[in-house]
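[1] Need the 3D shape of this:
(one chain, ligands or ions: 2)
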Amino acid sequence: MNSSRATLLPSLTTNISRVASKGLYCSTATTGLRASYSALRPLASSRHRNFSTSQKTQLDFFPPPKNLPNIKITPPSWPHPPASEEQLNKIEVAHRETRTLSDSVAYNTVRFLRWGTDLFTGYRHDPNKPYIMSERKWLIRFIFLETVAGVPGMVGGMLRHLRSLRRMKRDNGWIETLLEDAYNERMHLLTFLKMAEPGWFMKLMILGAQGVFCNGFFFAYLINPTICHRFVGYLEEEATKTYSYAIEDLDSGKLPAWETLQAPDIAVKYWNMPEGHQTMRDLLLYIRADEAKHREIHHTLANLKAEDPNPFVSVYKDPTKPHPGPSIEHIKSKGWEREDVI
Ligand SMILES: [Fe+2]
Ligand SMILES: [Fe+2]
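    Ligands and ions are numbered 1, 2, ... in the order given. Sure, this is the predicted structure:
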């Protein structure tokens, strides 16, 4: 099997692996299939649950091509801005009070979605009730949420791009920030997929959630982009809260398997995690800061007019005065008011 495996192309290996895996799930009496399956995917052969927290994942079967004749490396299109330890630790849970009817609509929609997601992922964070969140449950929640979180930036960026084309007007810098937001969320997802692999049920749920959310957000953004940015601002408040709770759990000894866990390579490279700060806890701090940054960006964009320049990429007349930027240096948890930045 080893010699034949060596002669198989990676894509063919993947396909055979998939067929073998399907066969394994369909029948427990397929000894031959089990044998080829375990030879192709040795560390995943004992999987029987819908959701596994094994170290090896399917991502390993889609590695970036190595040793190409001309290309040395493909760096990220949006390198992550640097963040100091002090800045990461300063991130806080916050809530921007609703001020208008559209704020209330956005906030209540988020609360409703959160209720549904909590129910689906088995999430509960109430110290008065028996404690039920484990490492595995946190990962299920993270993965599900990150597959949804990458949608708004891409849809918003795409619609602003199309708007600029059809109106033949400039966009004033919003598109890139929105696409970067989506890219950053996808990096969160890819990082967690290095730690756990969703099973078929979870994949089905992700497919359904994307179908509904992507189309819903698309039409909502066409009708009222402001309310959509506010909605994402509130969604990111919840994301910041979720990662803060996970860090709290880790610190209070409720997640022993993560105490010595090192962050995956993909994360160390993307966040430029310094030597000695490459643990799971460090990773959660970086991701929480990203969510807080999205919270700031979307609450701010919701305060602006569609034609305003993007304050996160603008050059300011007085650079000594704190202003929005790509990093978390002057992060404002409730967003910047229009009169402060434009
Ligand atoms: Fe995220
Ligand atoms: Fe986010």
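[2] Whether stretch 190-197 contacts ligand 1 - can you check?
    No. On the criterion C-beta under 5 Å from the ion, stretch 190-197 is out of touch with ligand 1, staying 9.3 Å away. Quick note: C-beta positions are derived from backbone N, CA and C, even for glycine.
[3] Could I have the CA atoms of that stretch written out in CSV?
    C-alpha atoms of stretch 190-197 as CSV (Å, rounded to 0.1, in the frame of the first residue of the first chain):
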residue,chain,number,x,y,z
LEU,A,190,-8.5,27.8,8.7
THR,A,191,-6.6,28.0,12.0
PHE,A,192,-9.4,26.2,13.9
LEU,A,193,-9.6,23.6,11.1
LYS,A,194,-6.0,22.6,12.0
MET,A,195,-7.3,21.5,15.4
ALA,A,196,-10.6,19.8,14.6
GLU,A,197,-12.5,18.4,11.6
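[4] which parts of it are buried?
    Judged by neighbour count using 16 or more other C-beta atoms under 10 Å, the buried positions of stretch 190-197 are 191-197.
[5] quick one: contacts for the closest residue to ligand 1 within the chain?
    Relative to ligand 1, the nearest point of the chain is residue 188 (3.8 Å; C-beta to the ion). Residue 188 sits next to 142, 146, 149, 287, 290 when contact means C-beta atoms under 8 Å, 6 or more residues apart in numbering.
[6] Of the residues you listed, which are in range of ligand 2?
    Applying C-beta under 5 Å from the ion to these, those adjacent to ligand 2 are residue 149.
[7] Pull out the buried residues from the contacts of residue 188.
    Here, 16+ other C-beta under 10 Å leaves 142, 146, 149, 287, 290 buried among the contacts of residue 188.
[8] wait, the fourth one sits on residue 240?
    The one in question is residue 287. No. Between residue 287 and residue 240 no contact is recorded; they are 9.7 Å apart, counting by C-beta atoms under 8 Å.
[9] what does the stretch 201-342 of the chain put close to ligand 2?
    Checking the stretch 201-342 of the chain against ligand 2 by C-beta under 5 Å from the ion, the hits are 236, 239, 291, 294.
[10] What sits closest to residue 226 if chain neighbours are left out?
    Once flanking residues are discounted, residue 226 sits nearest to residue 302: 5.4 Å by C-beta to C-beta, 6 or more residues apart in numbering.
[11] which element is the one you found on?
    helix 280-303 (DSSP states H and E).
[12] Check residue 80 too.
    Assigned by DSSP H and E, residue 80 falls outside every helix and strand.
[13] Give me the phi and psi for it.
    With angles defined as degrees, to the nearest 10, residue 80 sits at phi -70, psi 130.
[14] Quick one: residues contacting it.
    Contacts of residue 80 (C-beta under 8 Å, 6+ apart): 184, 187, 270-272.
[15] what about 10 Å?
    180, 183-184, 187, 269-273, 286, 290, 326-327 (C-beta atoms under 10 Å, 6 or more residues apart in numbering).
[16] looking at it, residue 268 is touching residue 283, isn't it?
    Yes. Between residue 268 and residue 283 a contact is recorded at 8.7 Å, counting by C-beta atoms under 10 Å.
[17] Looking at those two now, which is surrounded by more residues?
    More crowded of residue 268 and residue 283, by other C-beta atoms under 10 Å: residue 283, with 25 against 18.
[18] If we ignore the residues flanking it in sequence, what's nearest the more buried one?
    residue 263 (4.1 Å).
[19] can you count the residues close to that neighbour?
    Residue 263: 22 neighbours (other C-beta under 10 Å).
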